[in-house]
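Chemist: Any chance you can model this:
(chains A, B and C)
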Amino acid sequence: MGERILDREFFDRPSPEVAPDLLGRVLVHGPVAVRLTEVEAYGPPGDDPASHTYRGRTPRNSVMFGAPGHLYVYFTYGMHFCANFVCLPEGMGSGVLLRAGEVIEGADVARTRRHRPGTAAALTGPGRGIPERDLARGPARLAVALGIGREHNGLDCCASPGSPELRALEGDPVDPTAVRCGPRTGVSSAADIPWRFWIDGDPTVSPYRKHVPKTRPV
DNA sequence: CGTGCGATCCGCT
DNA sequence: GCGGATCGCACGT
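Modeler: As a prediction, the model looks like this:
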């Protein structure tokens, strides 16, 4: 697998351009490595009603207005963390939500992180109950599998002096013809914009994704 | 200062 | 398929 760390220039582009290029890339945090299979782009203020930055800069979303290549981690539904890569130059406020991936290293550690004591899954014991493909399927699951939490908000994932705690690697190339795009989900506004990207047929992506035909009318 | 709701997940039906 | 869990944040008053 390509071990080169993605540089800041990679992220210094519009999020709809960065998003499909992130597919197949690998995030590494300690013993766990995840290959990205599904992502969503979110635009700058004013342009994208579904973006956290739509109404301008706030304490919550300030990281997204920072330098590209940093991690924007937010807390939602009172229990979930989700992670984004910041795109565009400092001050623009856009990013890419990491929606799903395949755990390619450290599945045992990822499964332990995902394991919730007190639930029915606990009865089957650690290391059981969660199928391999579900370990990082969904934005909050991916965050748990990678051990990403509030403390990683603002973390620089690009090559920099010293070894970043959490880094984004090149990974193996993805067949360009296997990349699909379609409407984002979970957003009530601007649902028609096809800024969700995924690897066609990958088991870690939700089974059915309506995608935009190649010859779609505009 | 009060309130409505969200880029979700999980378990049960 | 459906609803509950659960809380920080942004906005309106």
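
Chemist: Can you pull the residues of chain A lying near DNA strand C?
Modeler: Proximity of chain A to DNA strand C, by CB under 7 Å from any atom of the strand, involves residues A:55, A:58-61, A:75, A:77-79. The C-beta positions use only the backbone N, C-alpha and C, and glycine is treated the same way.

Chemist: most neighbours, which of those residues?
Modeler: The most crowded member of the residues of chain A next to DNA strand C is A:Asn61, carrying 21 neighbours; neighbours defined as other CB atoms under 10 Å.

Chemist: got the contact list for that residue?
Modeler: A:Asn61 makes contact with A:52-53, A:72, A:74, A:93, according to CB atoms under 8 Å, 6 or more residues apart in numbering.

Chemist: before we move on, back to that, go through the residues of chain A next to DNA strand C and name the one nearest DNA strand B.
Modeler: The shortest gap between DNA strand B and any of those belongs to A:Tyr77, at 4.2 Å (CB to the nearest atom of the strand).

Chemist: what's the pLDDT at the closest one?
Modeler: Here, the pLDDT recorded for A:Tyr77 equals 89.

Chemist: where do the strands sit along chain A?
Modeler: Taking DSSP state E as the criterion, chain A contains strands spanning A:26-29, A:32-42, A:71-76, A:80-87, A:94-105, A:166-169, A:179-182, A:196-199.
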